[in-house]
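Peer 1: quick check, what structure comes out for this input:
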Amino acid sequence: MEMMRYAHTNIVSADWKKLVAFYVEVFQCRLIPPIRRQSGKWLEKGMGLKDAQLEGAHLLLPGHGENGPTLEIYQHRTIENQKAILPNKRGFAHIAFEVDNVQEVLEDLIKYGGKSFGEITKKKVDDVGEITFVYARDPEGNLIELQHWNTLLPMS
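Peer 2: Numbering: from 1, shown residues only. Alright, predicted model coming up:
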């Protein structure tokens, strides 16, 4: 079998620099140089998007080492706006961060321009442990789940 691993998740942003700063401050992501400035026929062909032109950066996600997956935040020259999605919308819905203290991270998220969406909730999950979680939104309305597990067994 050929090598396969998860690489990145992309967020299209109206202001990539502001959104990068949010994820660095709140979630301890780390900017991975270089800043990407991409355009040309090769990008149009690969994306299937006429006149593709973008700028942005990759952020190393916390907790997975130096070769872990990244969060790619790009701002395209032209952006199609949409309504903020709900948690039960078909397709990609949210990203999740496991944190030590859901309340503290939610407060930081709000301090840096995000918004709470749900209420902090605890639930015992049989044979797993107890989860504390809440849904929130980043400054551009993307859904984020904050979660903390008190587990019965080591999570892998």
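Peer 1: quick one, what contacts Pro69?
Peer 2: By Cβ atoms under 8 Å, 6 or more residues apart in numbering, Pro69 lies in contact with 6-9, 61. To be clear about C-beta, it is placed using only N, CA and C from the backbone, and glycine gets the same treatment.
Peer 1: domains of this structure?
Peer 2: 8-76, 94-151 (automatic domain parsing).
Peer 1: in CSV, list those along with mean pLDDT.
Peer 2: Converted to CSV, those look like this (pLDDT from 0 to 100):
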stretch, mean pLDDT
domain 8-76, 97
domain 94-151, 96
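Peer 1: format the ones you listed as TSV; extra columns: distance to Pro87.
Peer 2: Listed next are the domains of the chain as TSV, based on distance: least, Cβ to Cβ, whole Å:
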stretch	distance to Pro87
domain 8-76	17
domain 94-151	6
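Peer 1: nearest to Ile85, out of those domains?
Peer 2: domain 94-151 (6.6 Å; Cβ to Cβ).
Peer 1: quick one: buried residues of the lengthiest helix in the chain?
Peer 2: Of all the elements of type helix in the chain, the one with the most residues (DSSP state H) is helix 16-27. Buried residues in helix 16-27, counted by 16 or more other Cβ atoms under 10 Å: 16, 18-20, 22-23, 26-27.
Peer 1: residue closest to the middle of the protein?
Peer 2: With distances taken as Cα atoms, centre = their mean, Ile95 lies nearest the centre of the chain, 4.8 Å away.
Peer 1: ranges for the helices of the chain?
Peer 2: Going by DSSP H, the chain shows helices at 16-27, 41-47, 102-111.
Peer 1: can you list these in a markdown table and add distance to Glu80?
Peer 2: Formatted as a markdown table, those follow (distance: least, Cβ to Cβ, whole Å):
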| stretch | distance to Glu80 |
| --- | --- |
| helix 16-27 | 16 |
| helix 41-47 | 13 |
| helix 102-111 | 26 |
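Peer 1: so which of those is nearest Ile73?
Peer 2: Per Cβ to Cβ, nearest to Ile73 of those: helix 16-27, 5.1 Å.
Peer 1: neighbouring contacts of that closest one?
Peer 2: So helix 16-27 is contacted by 11, 13, 29-31, 55-57, 59, 61-62, 71, 73-75, 97, 105, 108-109, 112-114, 138-140 (Cβ under 8 Å, 6+ apart).
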